[in-house]
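> Give me a 3D structure for the following:
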Amino acid sequence: MNMRSFFEAISVSCVIPAQPQAGGERTVFENLSFAVERGEIVDLVGPSGSGKSSLLTACARLNPHAHGTFALEGKGSGEFTPQQWRRDVAYLPQKPILTGKNVAEAIRLPWTLAIRSKGGKAEQLLPDERIRTTLDAMGCEDIDLERAPHDLSGGQTARVALARTLLTDPKVLLADEVDAGLDDDNAAKVATIMADAATRGMAIIRIRHRPPDGRATRTLTLDKGRLTEREMTDSAAQDANAVPDGADENEETQA
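Modelled structure (predicted):
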């Protein structure tokens with residue numbers, strides 16, 4: 001198979017156990033394929049429950065119910081260990097968990113792992129100054145690095161988790177509604193940070209229910225097990241990311 005795109009997913013399917021009373025299995029989606037180029041931002045939209053998160057976790061090799069063929073820079077995912085793949089293809093969940101005694105320690109967690117540490121200390125590999133600069137750019141000037149993670153609001157937690165993921169510098173970022181709980185101003189800051197990462201070559205797939213922000217070049221819509229694609233022209237941008245009826249309309253905004 002000739003894989004020429006920067007990141008490619010081919011014939012991805014997801015089958016999950018049905019409810020106990022129903023028995024059997026339920027196919028969430030089947031034989032989905034798409035590609036993303038270096039430096040591109042693609043929005044993934046669709047009704048709640050359509051399988052968007054399942055598709056992203058499949059791409060990150062984190063979904064035990066999904067299977068398919070994935071490639072990065074022409075190399076199949078089988079040529080990577082799971083740890084190597086997730087270093088380069090990073091999944092950021094909508095509700096991340098921050099562990100550690102303070103924000104700095106929570107952000108440095110990936111640098112304590114053997115795949116990144118290479119024998120160095122996390123504090124040396126990721127100094128406070130770099131963490132501070134990244135957080136400030138996201139509108140987190142009020143978050144002290146010594147602050148306990150459990151004291152952060154939901155919106156602050158989302159931004160700190162995004163900062164941590166971007167600082168690991170993955171080649172592909174799979175962002176699962178990371179701006180869902182933010183007000184418009186902070187959502188715009190987060191979008192700008194991700195756009196800056198894209199200009200440096202990172203490929204980004206964002207699950208979104210917010211109105212279009214002009215950052216994406218394409219939108220992929222997942223609905224009823226089918227994936228359709230649309231270029232983000234000016235006219236298409238008017239409604240591509242509109243919230244589907246009954247989906248996340250009452251979600252609380254977190255500063």
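
> Was I right to think S53 contacts I207?
Yes. Applying CB atoms under 8 Å, one finds S53 in contact with I207, separated by 6.8 Å. Every residue, glycine included, has its C-beta placed from N, CA and C.

> So between these two, which is more surrounded?
I207 (24 against 19; other CB atoms under 10 Å).

> ranges for the helices of the protein?
52-59, 82-88, 103-108, 114-117, 122-125, 128-137, 154-167, 184-199 (DSSP state H).

> which stretch in those has the least confidence?
Lowest mean pLDDT of the helices of the chain: helix 114-117, a mean of 58.

> Please verify my assumption that W85 contacts S77.
Yes. With contact defined as CB under 8 Å, W85 reaches S77; the gap is 5.6 Å.

> Mutual contacts of these two, please.
R61 (CB atoms under 8 Å, 6 or more residues apart in numbering).

> which residues of this protein score low on pLDDT?
Within the chain, the stretches with pLDDT under 70 are 1-3, 22, 114-120, 233-255.

> could you pull out the strands for it?
With strands called from DSSP state E, the chain shows them at 7-17, 25-36, 41-45, 66-72, 75-76, 89-92, 172-176, 203-207, 218-223, 226-231.

> Let me know the angle separating the fourth one from strand 203-207.
Direction vectors for strand 66-72 and strand 203-207, defined by axes from the mean of the first three to the mean of the last three CA atoms, to 10 degrees, enclose an angle of 150 degrees.

> Off-centre distance for strand 66-72?
Put simply, strand 66-72 sits 17 Å off its chain's centre (CA atoms, centre = their mean, to the nearest Å).

> who does that strand pair up with?
Applying DSSP bridges to the sheet, strand 66-72 is found paired with strand 7-17 (antiparallel), strand 75-76 (antiparallel).

> Distance from the chain centre to the last one, please.
Between the centre of strand 75-76 and the centre of its chain there are 21 Å (CA atoms, centre = their mean).

> same question, the longest one
In terms of CA atoms, centre = their mean, the gap separating the centre of strand 7-17 from the centre of its chain is 17 Å.

> Check stretch 93-109 too.
16 Å.

> first vs last residue of stretch 72-80, how far apart are they?
10 Å (CA to CA, to the nearest Å).

> Please disregard the earlier target; I meant stretch 179-186.
8 Å.

> Would you mark the buried spots in it?
Across stretch 179-186, burial judged by 16 or more other CB atoms under 10 Å covers 179-182, 186.

> One more: stretch 100-114?
Applying 16+ other CB under 10 Å to stretch 100-114 flags 102-108, 110-111 as buried.

> Considering those, which is situated nearest to T133?
Distances from T133 to the buried residues of stretch 100-114, taken as CB to CB, are shortest for I107 (12.1 Å).

> For the closest one, give me its contacts.
I107 touches 126, 131, 160, 163-164, 167, counting by CB under 8 Å, 6+ apart.

> Dump the C-alpha coordinates for stretch 154-161 into CSV.
Taking C-alpha atoms only, stretch 154-161 is exported to CSV below (Å, rounded to 0.1, in the frame of the first residue of the first chain):
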residue,chain,number,x,y,z
GLY,A,154,-12.2,23.0,34.4
GLY,A,155,-11.1,25.6,31.8
GLN,A,156,-7.7,26.1,33.4
THR,A,157,-7.2,22.3,33.6
ALA,A,158,-8.0,22.1,29.9
ARG,A,159,-5.4,24.8,29.0
VAL,A,160,-2.7,23.3,31.2
ALA,A,161,-3.2,19.9,29.6
